[in-house]
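S.K.: Take this sequence and fold it.
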Amino acid sequence: MNVPFRVDNCSIERTLDIVGEKWTFLVLREAFSGVRRFADMQAMTGAPRQVLSARLARLVDEGLLHKAPYREPGQRQRDEYRLTEKGRDLYPLLVALMHWGDKYLAGEDGPPVLLTHRDCGALVEQHFRCADGHEVSGPREVTAIPGPGARRHTA
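M.R.: Reported below is the predicted structural model:
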């Protein structure tokens with residue numbers, strides 16, 4: 001008998017609660033590109049000041065970014081925003097979104113940005129593999145099973 005499980009503790013939903021908003025993804029895009037300062041991030045994303053401030057604060061609160069103080073000569077101290085390990089772990093997600101957009105939404109001229117391996121110059125590709133190293137081509141090759149955090153659904 002197949003026992004249904006609740007999804008009220010779904011990892012996808014929990015992740016989207018933190019990053020599932022346009023401005024958050026654009027802030028992360030810039031952080032991965034090396035943009036660290038508020039004014040630069042605002043210029044690159046086009047985010048309204050209050051929106052950017054709120055998104056940065058949330059990403060700091062969630063542990064995806066941390067603040068690092070800096071001071072320009074003759075200026076007051078300000079903060080830079082740097083990715084944490086938790087934030088850097090989102091990189092494959094952003095690359096997957098970019099590759100999807102490149103495939104389905106790029107204009108006639110092609111993708112606006114290409115990612116290359118710094119060491120050899122080859123284009124970066126993403127692959128989906130099981131723990132035994134077999135390439136998985138899509139959802140039809142995957143079976144979802146209850147994990148240790150699964151909860152039984154009681155009707």
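
S.K.: what's near enough to touch the residue nearest the centre of the chain?
M.R.: Central residue of the chain (C-alpha atoms, centre = their mean): residue 90, 3.8 Å from the mean position. By C-beta atoms under 8 Å, 6 or more residues apart in numbering, the contact list for residue 90 reads 19, 28, 64. C-beta: built from backbone N, CA, C; applies to glycine.

S.K.: between these, which is closest to residue 108?
M.R.: In terms of C-beta to C-beta, no member of these lies closer to residue 108 than residue 28, at 27.8 Å.

S.K.: part of a strand, is the closest one?
M.R.: No: counting by DSSP: H, G, I helix; E, B strand; the rest coil, residue 28 falls outside a strand, being helix.

S.K.: Lowest mean pLDDT among the helices and strands, pick that one out for the protein.
M.R.: strand 5-6 (a mean of 66; mean pLDDT, DSSP states H and E).

S.K.: where along the protein do the helices fall?
M.R.: 11-19, 22-32, 38-45, 49-61, 85-88, 91-104 (DSSP state H).
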